[in-house]
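Colleague: Whatever this is, show me its structure:
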Amino acid sequence: MNRRRIMFRTGRYGSPLGILLFLLPGVGMYTLLELYPILQSFAYSVIGWQGMRPTWQYAGLQYYSRMLSDSVIPKALGNNLRAWFLYACVQIPVASLLAYALSRKVHGASLFRTLYFIPQVTSATLLALLFRFLLTTEYGLNELLRRLGLGNLIRPWLSANGVVQWTTNLPDAWVGVGFWVVVFLAAISGIPEELFEAAQLDGANAWQELRYVMLPSLSGILVFANANAIINALGAYIYQFVMTQGGPLHRSETLASYTLYWVWPRAHLPDWGYASALAVLQFALGIAGSVLVFRVAGWSKDRVGV
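Modeller: Numbering: from 1, shown residues only. Next comes the predicted model:
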(Lines give C-alpha, C1' and ligand atoms only; values in the text may rest on other atoms or scores of the structure.)
Protein backbone atom coordinates (compact mmCIF):
# COMPACT_ATOMS: atom_id res chain seq x y z
CA MET A 1 0.00 0.00 0.00
CA ASN A 2 2.78 2.42 0.94
CA ARG A 3 4.62 1.57 -2.25
CA ARG A 4 1.54 2.41 -4.33
CA ARG A 5 1.18 5.75 -2.57
CA ILE A 6 4.83 6.58 -3.21
CA MET A 7 4.51 5.69 -6.91
CA PHE A 8 1.34 7.79 -7.15
CA ARG A 9 3.01 10.80 -5.56
CA THR A 10 6.26 10.60 -7.49
CA GLY A 11 4.84 9.56 -10.84
CA ARG A 12 6.87 8.00 -13.60
CA TYR A 13 9.57 10.71 -13.78
CA GLY A 14 9.67 11.83 -10.15
CA SER A 15 7.78 14.29 -8.01
CA PRO A 16 6.51 17.56 -9.54
CA LEU A 17 8.70 19.52 -7.13
CA GLY A 18 11.77 17.54 -8.15
CA ILE A 19 11.04 18.09 -11.84
CA LEU A 20 10.56 21.82 -11.22
CA LEU A 21 13.83 22.11 -9.31
CA PHE A 22 15.61 20.18 -12.05
CA LEU A 23 14.29 22.53 -14.78
CA LEU A 24 14.66 25.75 -12.80
CA PRO A 25 18.39 26.45 -13.50
CA GLY A 26 18.05 25.94 -17.26
CA VAL A 27 14.77 27.86 -17.54
CA GLY A 28 16.16 30.65 -15.36
CA MET A 29 19.33 31.03 -17.44
CA TYR A 30 17.34 30.94 -20.68
CA THR A 31 14.95 33.59 -19.39
CA LEU A 32 17.76 35.81 -18.15
CA LEU A 33 20.05 35.51 -21.17
CA GLU A 34 17.56 35.00 -24.03
CA LEU A 35 13.96 36.03 -23.32
CA TYR A 36 14.74 39.12 -21.25
CA PRO A 37 17.13 40.66 -23.87
CA ILE A 38 14.57 39.95 -26.60
CA LEU A 39 11.87 41.78 -24.67
CA GLN A 40 14.33 44.60 -23.97
CA SER A 41 15.02 44.98 -27.70
CA PHE A 42 11.30 45.28 -28.43
CA ALA A 43 10.97 47.92 -25.71
CA TYR A 44 14.05 49.93 -26.69
CA SER A 45 13.00 49.98 -30.35
CA VAL A 46 10.08 52.28 -29.56
CA ILE A 47 11.74 54.68 -27.11
CA GLY A 48 14.02 57.64 -27.79
CA TRP A 49 17.31 56.16 -26.60
CA GLN A 50 20.29 57.72 -28.34
CA GLY A 51 23.87 58.04 -27.16
CA MET A 52 24.57 56.86 -23.63
CA ARG A 53 21.56 58.51 -21.95
CA PRO A 54 18.63 56.10 -21.73
CA THR A 55 15.19 57.64 -21.67
CA TRP A 56 11.73 56.11 -21.61
CA GLN A 57 10.19 58.78 -23.82
CA TYR A 58 7.96 57.02 -26.36
CA ALA A 59 9.30 57.42 -29.89
CA GLY A 60 6.69 55.45 -31.80
CA LEU A 61 7.75 53.64 -34.95
CA GLN A 62 10.27 56.24 -36.11
CA TYR A 63 13.16 53.76 -36.00
CA TYR A 64 11.24 51.29 -38.15
CA SER A 65 10.31 53.98 -40.69
CA ARG A 66 13.97 55.04 -40.69
CA MET A 67 14.96 51.55 -41.83
CA LEU A 68 12.91 51.99 -45.01
CA SER A 69 15.26 54.74 -46.20
CA ASP A 70 18.50 53.21 -44.91
CA SER A 71 20.59 52.23 -47.95
CA VAL A 72 22.82 49.93 -45.89
CA ILE A 73 20.04 47.49 -44.99
CA PRO A 74 19.64 46.09 -48.55
CA LYS A 75 23.42 45.50 -48.63
CA ALA A 76 23.26 43.77 -45.26
CA LEU A 77 20.33 41.59 -46.31
CA GLY A 78 22.21 40.64 -49.48
CA ASN A 79 25.16 39.50 -47.40
CA ASN A 80 22.83 37.57 -45.09
CA LEU A 81 21.47 35.86 -48.19
CA ARG A 82 25.01 34.97 -49.30
CA ALA A 83 25.71 33.56 -45.85
CA TRP A 84 22.55 31.45 -46.04
CA PHE A 85 23.58 30.14 -49.46
CA LEU A 86 26.98 29.08 -48.12
CA TYR A 87 25.42 27.39 -45.10
CA ALA A 88 22.49 25.65 -46.81
CA CYS A 89 24.04 24.85 -50.21
CA VAL A 90 27.69 24.25 -49.28
CA GLN A 91 28.16 23.67 -45.55
CA ILE A 92 25.31 21.20 -44.96
CA PRO A 93 25.83 19.09 -48.15
CA VAL A 94 29.60 18.88 -47.55
CA ALA A 95 29.05 17.91 -43.90
CA SER A 96 26.51 15.23 -44.84
CA LEU A 97 28.87 13.72 -47.44
CA LEU A 98 31.78 13.70 -44.99
CA ALA A 99 29.59 12.15 -42.29
CA TYR A 100 28.43 9.44 -44.66
CA ALA A 101 32.01 8.70 -45.70
CA LEU A 102 33.17 8.49 -42.07
CA SER A 103 30.23 6.26 -41.15
CA ARG A 104 31.39 3.66 -43.67
CA LYS A 105 34.18 2.56 -41.28
CA VAL A 106 36.93 4.61 -42.92
CA HIS A 107 40.43 3.96 -41.53
CA GLY A 108 41.29 6.78 -39.10
CA ALA A 109 37.70 8.01 -38.85
CA SER A 110 38.18 9.13 -35.22
CA LEU A 111 41.13 11.30 -36.21
CA PHE A 112 39.17 12.91 -39.04
CA ARG A 113 36.20 13.60 -36.74
CA THR A 114 38.53 15.38 -34.34
CA LEU A 115 40.21 17.40 -37.09
CA TYR A 116 36.88 18.49 -38.56
CA PHE A 117 35.59 19.60 -35.16
CA ILE A 118 38.68 21.56 -34.03
CA PRO A 119 37.60 24.83 -35.77
CA GLN A 120 34.27 24.63 -33.94
CA VAL A 121 35.96 24.84 -30.53
CA THR A 122 38.54 27.43 -31.59
CA SER A 123 38.00 31.09 -30.77
CA ALA A 124 36.03 32.76 -33.57
CA THR A 125 37.98 35.98 -33.06
CA LEU A 126 41.27 34.13 -33.46
CA LEU A 127 40.07 32.47 -36.66
CA ALA A 128 38.83 35.82 -37.99
CA LEU A 129 42.24 37.38 -37.37
CA LEU A 130 43.88 34.41 -39.09
CA PHE A 131 41.67 34.75 -42.16
CA ARG A 132 42.23 38.50 -42.23
CA PHE A 133 45.99 37.85 -42.42
CA LEU A 134 45.55 35.16 -45.08
CA LEU A 135 43.45 37.45 -47.26
CA THR A 136 45.49 40.64 -47.01
CA THR A 137 46.84 42.11 -50.21
CA GLU A 138 50.54 41.64 -49.38
CA TYR A 139 50.64 38.26 -47.62
CA GLY A 140 48.78 34.99 -47.30
CA LEU A 141 46.81 33.80 -50.32
CA ASN A 142 48.04 36.55 -52.63
CA GLU A 143 51.67 35.81 -51.78
CA LEU A 144 51.07 32.11 -52.51
CA LEU A 145 49.50 32.96 -55.88
CA ARG A 146 52.42 35.27 -56.63
CA ARG A 147 54.96 32.52 -55.91
CA LEU A 148 53.02 30.03 -58.04
CA GLY A 149 53.06 32.41 -61.00
CA LEU A 150 49.31 33.01 -60.81
CA GLY A 151 49.50 36.76 -60.37
CA ASN A 152 46.42 37.26 -62.56
CA LEU A 153 44.33 35.70 -59.77
CA ILE A 154 45.50 38.16 -57.11
CA ARG A 155 42.63 40.18 -55.69
CA PRO A 156 42.04 42.65 -52.85
CA TRP A 157 39.97 39.99 -51.10
CA LEU A 158 38.87 42.23 -48.23
CA SER A 159 37.95 45.35 -50.17
CA ALA A 160 36.90 44.53 -53.75
CA ASN A 161 33.19 44.86 -54.39
CA GLY A 162 31.66 41.49 -55.30
CA VAL A 163 34.50 39.65 -53.52
CA VAL A 164 34.52 40.88 -49.94
CA GLN A 165 30.85 39.92 -49.56
CA TRP A 166 31.85 36.26 -50.00
CA THR A 167 35.24 36.18 -48.29
CA THR A 168 33.82 37.49 -45.02
CA ASN A 169 31.08 34.83 -45.01
CA LEU A 170 33.19 31.88 -46.13
CA PRO A 171 35.14 31.32 -42.86
CA ASP A 172 31.95 30.90 -40.82
CA ALA A 173 30.64 28.35 -43.31
CA TRP A 174 33.93 26.43 -43.09
CA VAL A 175 33.89 26.43 -39.28
CA GLY A 176 30.37 24.98 -39.08
CA VAL A 177 31.18 21.92 -41.21
CA GLY A 178 32.72 20.10 -38.24
CA PHE A 179 29.65 20.65 -36.06
CA TRP A 180 27.27 19.23 -38.65
CA VAL A 181 29.59 16.29 -39.36
CA VAL A 182 29.22 15.27 -35.71
CA VAL A 183 25.44 15.81 -35.79
CA PHE A 184 24.99 13.81 -39.00
CA LEU A 185 27.27 11.02 -37.73
CA ALA A 186 25.13 10.70 -34.60
CA ALA A 187 21.98 10.58 -36.74
CA ILE A 188 23.44 8.04 -39.16
CA SER A 189 24.37 5.76 -36.26
CA GLY A 190 20.64 5.56 -35.49
CA ILE A 191 19.78 4.22 -38.96
CA PRO A 192 19.35 0.41 -38.84
CA GLU A 193 22.29 -1.26 -40.52
CA GLU A 194 19.84 -3.69 -42.12
CA LEU A 195 18.70 -0.93 -44.47
CA PHE A 196 22.21 -0.50 -45.84
CA GLU A 197 22.69 -4.26 -46.07
CA ALA A 198 19.40 -4.67 -47.96
CA ALA A 199 20.44 -1.92 -50.36
CA GLN A 200 23.78 -3.63 -50.96
CA LEU A 201 22.05 -6.94 -51.62
CA ASP A 202 19.93 -5.17 -54.22
CA GLY A 203 23.12 -3.98 -55.91
CA ALA A 204 23.04 -0.37 -54.73
CA ASN A 205 26.29 1.55 -54.99
CA ALA A 206 27.52 4.17 -52.51
CA TRP A 207 25.66 7.02 -54.23
CA GLN A 208 22.39 5.07 -54.24
CA GLU A 209 22.81 4.21 -50.56
CA LEU A 210 23.31 7.89 -49.83
CA ARG A 211 20.33 8.99 -51.89
CA TYR A 212 17.76 6.30 -51.12
CA VAL A 213 18.73 5.20 -47.60
CA MET A 214 20.64 7.87 -45.71
CA LEU A 215 19.00 11.12 -46.91
CA PRO A 216 15.36 9.96 -46.40
CA SER A 217 16.30 8.69 -42.93
CA LEU A 218 17.83 12.06 -42.05
CA SER A 219 14.95 14.21 -43.33
CA GLY A 220 14.16 15.56 -39.86
CA ILE A 221 17.77 16.53 -39.17
CA LEU A 222 18.06 18.14 -42.61
CA VAL A 223 14.98 20.28 -41.98
CA PHE A 224 16.40 21.41 -38.66
CA ALA A 225 19.79 22.11 -40.28
CA ASN A 226 18.19 24.31 -42.95
CA ALA A 227 16.18 26.25 -40.38
CA ASN A 228 19.37 26.65 -38.37
CA ALA A 229 21.14 27.91 -41.51
CA ILE A 230 18.68 30.81 -41.76
CA ILE A 231 19.11 31.74 -38.10
CA ASN A 232 22.92 31.49 -38.28
CA ALA A 233 23.02 33.54 -41.47
CA LEU A 234 20.99 36.31 -39.85
CA GLY A 235 23.24 36.20 -36.77
CA ALA A 236 26.56 36.29 -38.64
CA TYR A 237 28.71 39.19 -37.47
CA ILE A 238 32.03 38.11 -35.89
CA TYR A 239 34.00 37.58 -39.10
CA GLN A 240 32.55 40.69 -40.73
CA PHE A 241 33.34 42.82 -37.69
CA VAL A 242 36.87 41.52 -37.11
CA MET A 243 37.98 41.15 -40.72
CA THR A 244 36.56 44.35 -42.25
CA GLN A 245 34.39 46.07 -39.60
CA GLY A 246 31.61 45.88 -42.17
CA GLY A 247 33.53 47.86 -44.75
CA PRO A 248 34.56 49.18 -47.06
CA LEU A 249 31.52 51.45 -47.40
CA HIS A 250 29.35 48.88 -45.55
CA ARG A 251 29.82 46.38 -48.39
CA SER A 252 30.40 43.44 -46.04
CA GLU A 253 27.80 44.35 -43.42
CA THR A 254 25.21 41.86 -42.23
CA LEU A 255 22.16 42.77 -40.18
CA ALA A 256 23.92 41.68 -36.99
CA SER A 257 27.16 43.54 -37.73
CA TYR A 258 25.18 46.63 -38.73
CA THR A 259 23.33 46.42 -35.42
CA LEU A 260 26.69 46.31 -33.69
CA TYR A 261 27.76 49.33 -35.76
CA TRP A 262 25.10 51.44 -34.03
CA VAL A 263 25.96 50.08 -30.59
CA TRP A 264 29.75 50.38 -30.83
CA PRO A 265 30.94 54.03 -30.84
CA ARG A 266 32.95 54.89 -33.96
CA ALA A 267 32.67 58.21 -35.78
CA HIS A 268 29.16 58.63 -34.38
CA LEU A 269 27.31 58.39 -31.11
CA PRO A 270 25.67 55.06 -30.27
CA ASP A 271 22.00 54.79 -31.16
CA TRP A 272 20.53 52.02 -29.01
CA GLY A 273 16.98 52.63 -30.22
CA TYR A 274 17.86 52.09 -33.88
CA ALA A 275 20.09 49.13 -33.02
CA SER A 276 17.19 47.55 -31.12
CA ALA A 277 14.89 48.05 -34.12
CA LEU A 278 17.46 46.28 -36.31
CA ALA A 279 17.63 43.45 -33.79
CA VAL A 280 13.84 43.13 -33.88
CA LEU A 281 13.97 42.95 -37.69
CA GLN A 282 16.59 40.22 -37.43
CA PHE A 283 14.43 38.33 -34.93
CA ALA A 284 11.32 38.61 -37.12
CA LEU A 285 13.15 37.40 -40.23
CA GLY A 286 14.56 34.45 -38.28
CA ILE A 287 11.08 33.41 -37.11
CA ALA A 288 9.59 33.86 -40.59
CA GLY A 289 12.41 31.92 -42.26
CA SER A 290 12.18 29.03 -39.78
CA VAL A 291 8.40 28.79 -40.17
CA LEU A 292 8.82 28.79 -43.96
CA VAL A 293 11.35 25.93 -43.82
CA PHE A 294 9.08 23.78 -41.66
CA ARG A 295 6.05 24.59 -43.79
CA VAL A 296 7.88 23.66 -46.99
CA ALA A 297 9.13 20.47 -45.34
CA GLY A 298 5.59 19.55 -44.29
CA TRP A 299 4.26 20.35 -47.77
CA SER A 300 6.95 18.16 -49.35
CA LYS A 301 6.08 15.24 -47.07
CA ASP A 302 2.41 15.55 -48.00
CA ARG A 303 3.27 15.56 -51.71
CA VAL A 304 5.34 12.38 -51.50
CA GLY A 305 2.93 10.73 -49.08
CA VAL A 306 5.33 10.39 -46.15
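Colleague: For R155, grab the count of nearby residues.
Modeller: Using other C-beta atoms under 10 Å, R155 has 17 other residues around it. (Glycine included, C-beta is placed from N, CA and C.)
Colleague: Check the one 4 residues further on too.
Modeller: A count of neighbours around S159, defined by other C-beta under 10 Å, yields 17.
Colleague: Pull the contacting residues for Q200.
Modeller: By C-beta atoms under 8 Å, 6 or more residues apart in numbering, Q200 lies in contact with E209.
Colleague: Helix or strand: which one has it?
Modeller: Here Q200, judged by DSSP states H and E, is contained in helix 193-201.
Colleague: which element follows that helix toward the C-terminus?
Modeller: Sequence order places helix 206-209 as the next helix or strand after helix 193-201, per DSSP H and E.
Colleague: What residues of that next one count as buried?
Modeller: By neighbour count on 16 or more other C-beta atoms under 10 Å, the buried set for helix 206-209 is E209.
Colleague: likewise stretch 287-294?
Modeller: Residues of stretch 287-294 classed as buried by neighbour count (16+ other C-beta under 10 Å): 289-290, 293.
Colleague: next one: stretch 64-73
Modeller: Neighbour-count burial for stretch 64-73 [16+ other C-beta under 10 Å]: 72-73.
Colleague: From the rest of the structure, what touches the one helix or strand A256 maps to?
Modeller: Using DSSP H and E, A256 sits within helix 255-263. Contact with helix 255-263 is made by 72-73, 76-77, 80, 234-237, 240-241, 246, 250, 253, 270-272, 274-275, 278-279, 281-282, 285, as judged by C-beta under 8 Å, 6+ apart.
Colleague: So which of these are in helices?
Modeller: Applying DSSP state H to the contacts of helix 255-263, the entries found in helices are 72-73, 76-77, 80, 234, 240-241, 272, 274-275, 278-279, 281-282, 285.
Colleague: where's the dip in pLDDT among those residues?
Modeller: Lowest model confidence among these falls on W272, which carries 85.
Colleague: can you tell me how far the residue nearest to that residue when sequence neighbours are not counted sits from V263?
Modeller: Nearest non-adjacent residue to W272, counting by C-beta to C-beta, 6 or more residues apart in numbering: W49, 4.5 Å away. Distance of W49 to V263, computed by C-beta to C-beta, to the nearest Å: 11 Å.
Colleague: Between these two, which contacts overlap?
Modeller: Common neighbours of W49 and V263 (C-beta under 8 Å, 6+ apart) are W272.
Colleague: More neighbours: which of these two?
Modeller: Remark: of W49 and V263, W49 carries more neighbours, 23 against 14, as counted by other C-beta under 10 Å.
Colleague: Contacts only, for the more buried one.
Modeller: Counting by C-beta under 8 Å, 6+ apart, W49 makes contact with 55, 271-273, 276.
Colleague: same question, G149
Modeller: Contacts of G149 by C-beta under 8 Å, 6+ apart: none found.
Colleague: Look up the closest residue to W180, ignoring the ones flanking it.
Modeller: Distances taken as C-beta to C-beta, 6+ apart put A95 closest to W180, at 3.5 Å, once the chain neighbours are dropped.
Colleague: That neighbour and Q40, how far apart?
Modeller: Separation of A95 from Q40 (C-beta to C-beta): 35 Å.
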